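Peer 1: Sequence and predicted structure are below.
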Amino acid sequence: MSVDYGGEFAGRRVLITGAAGLIGRWTAEAFHAQGAELLLSDGRAEPLAEVAASLGAHAAVADLSTGDGVAGLLAALDERWPTADILVNNAGIYPRTPLAATDRATVERILDVNVIAPYQLAQHVIATMTRTGVRGCVVNIGSGAARRTTRTGGVYAASKAALETLTRSLALEAGEAGIRVNTVGPGFAPGSEVSELDAGHVAKMRAAIPLGRTSGPGDAPAAILWLCSGAASFVTGTTLDVDGGRTAGDFASTDGSAR
């Protein structure tokens with residue numbers, strides 16, 4: 001069930017990265033439904049174009065693993081608006097490899113997309129918000145992996161832990177200008193993976209979630225919109241997990257199997 005914000009987001013300028021992915025698309029749809037203006041970005045041109053066309057949004061193809069890609073997106077933003085009112089740093093990558101088998105190039109790419117690009121985008125947007133007097137919001141999309149990692153996701157987990165720390169630091173620096181910075185940690189959503197997941201894996205993940213279901217289109221976007229609304233005007237520097245309790249701890253029966 002969506003919340004009616006009574007026109008609060010009408011005309012608000014929202015930049016969303018990773019908008020061709022599941023969480024990004026759901027978030028774009030949620031802001032669109034509230035009347036926001038959208039600039040959507042992703043490294044995948046065709047699916048981005050489809051999402052943007054369906055919402056009447058502007059699109060900017062950008063590979064955020066490169067400095068040129070980030071610079072190109074910032075140029076597209078500056079050409080479109082004096083500043084964004086809301087930045088949602090959703091783009092992220094999750095190559096699954098054991099640490100012993102992860103080469104330097106892979107580590108650098110994960111950090112470039114998951115930490116450095118969000119930092120540079122937030123740095124720029126906070127500066128333009130401050131200069132133009134906009135009391136805006138930045139939402140970084142994190143993960144429970146920051147506190148609950150796996151054997152093949154160590155670098156990804158480290159990147160998301162860094163992003164949470166970055167959120168807190170940015171919140172401290174931007175607060176004086178009335179700009180709020182928070183993190184949302186979405187729950188497991190099967191369609192958010194680039195590669196198809198088999199039914200057994202999805203069932204196993206679902207069984208480990210205390211609330212008994214996977215994440216849907218109304219979950220993470222609802223948290224993001226709330227954090228960007230006046231209802232959360234005193235909330236900054238925090239992480240809001242929207243994961244059905246998955247990050248809270250082990251959800252297992254007495255024999256150790258997932259419930």
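Peer 2: Structure received. Numbers count the residues shown, from 1 in each chain.
Peer 1: can you give me the helices for the stretch 101-250 of the chain?
Peer 2: Along the stretch 101-250 of the chain, counting by DSSP state H, counting those that start in this stretch, helices occupy 104-111, 117-132, 154-174, 199-207, 220-228.
Peer 1: Could you check how far the fourth one is from the centre of its chain?
Peer 2: Distance, stretch centre to chain centre, for helix 199-207: 23 Å (Cα atoms, centre = their mean, to the nearest Å).
Peer 1: buried residues in it?
Peer 2: For helix 199-207, burial by neighbour count (16 or more other Cβ atoms under 10 Å) applies to 205-206. The way it works is simple: take the backbone N, C-alpha and C, and place the C-beta from them, glycine included.
Peer 1: Any chance of TSV for the helices of the stretch 101-250 of the chain, columns mean pLDDT?
Peer 2: Converted to TSV, the helices of the stretch 101-250 of the chain look like this (pLDDT from 0 to 100):
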stretch	mean pLDDT
helix 104-111	95
helix 117-132	98
helix 154-174	96
helix 199-207	74
helix 220-228	97
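Peer 1: Turn those into a markdown table, including distance to residue 94.
Peer 2: Below are those laid out as a markdown table (distance: least, Cβ to Cβ, whole Å):
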| stretch | distance to residue 94 |
| --- | --- |
| helix 104-111 | 8 |
| helix 117-132 | 15 |
| helix 154-174 | 5 |
| helix 199-207 | 14 |
| helix 220-228 | 16 |
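Peer 1: Out of those, which one sits most buried?
Peer 2: helix 220-228 (a mean of 24; mean count of other Cβ atoms under 10 Å).
Peer 1: Residue 41 versus residue 75, what's the distance?
Peer 2: 12 Å (Cβ to Cβ, to the nearest Å).
Peer 1: residues near residue 78, how many?
Peer 2: Residue 78 has 12 neighbouring residues, counting by other Cβ atoms under 10 Å.
Peer 1: again with residue 144
Peer 2: For residue 144, the count of nearby residues is 20 (other Cβ under 10 Å).
Peer 1: thought it was touching residue 244?
Peer 2: No: counting by Cβ atoms under 8 Å, residue 144 stays clear of residue 244, with 10.3 Å between them.
Peer 1: thinking again about what came up before, looking only at neighbour counts, state which of residue 75 and residue 41 leads.
Peer 2: residue 41 (28 against 12).
Peer 1: give me phi/psi at that one?
Peer 2: Dihedral pair for residue 41: phi -130, psi 150, per degrees, to the nearest 10.
Peer 1: so it touches residue 90, yeah?
Peer 2: No: contact criterion Cβ under 8 Å: residue 41 and residue 90 do not qualify, at 9.2 Å.
Peer 1: Common neighbours of those two, please.
Peer 2: 16-19 (Cβ atoms under 8 Å, 6 or more residues apart in numbering).
Peer 1: will you turn those residues into JSON lines that also has neighbour count and pLDDT?
Peer 2: Converted to JSON lines, these look like this (neighbours: other Cβ atoms under 10 Å; pLDDT from 0 to 100):
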{"residue": "16", "neighbour count": "29", "pLDDT": "98"}
{"residue": "17", "neighbour count": "28", "pLDDT": "98"}
{"residue": "18", "neighbour count": "26", "pLDDT": "98"}
{"residue": "19", "neighbour count": "29", "pLDDT": "98"}
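Peer 1: Which ones among the residues you listed map onto helices?
Peer 2: Counting by DSSP state H, those place none of their members in helices.
Peer 1: Looking at those residues, which one is closest to residue 106?
Peer 2: residue 18 (18.6 Å; Cβ to Cβ).
Peer 1: ok, now which ones touch the closest residue to that closest one other than its chain neighbours?
Peer 2: Nearest residue to residue 18, sequence neighbours excluded (Cβ to Cβ, 6 or more residues apart in numbering): residue 91, at 3.3 Å. Taking Cβ under 8 Å, 6+ apart, we find residue 91 in contact with 17-18, 21, 24, 41-43, 64, 113, 117-118.
Peer 1: Now for the residue lying closest to residue 117 once chain neighbours are set aside, how many residues are close by?
Peer 2: Take residue 117 and drop its neighbours on the chain: the residue closest to it by Cβ to Cβ, 6+ apart is residue 64, 3.9 Å away. By the other Cβ under 10 Å criterion, the neighbourhood of residue 64 contains 26 residues.
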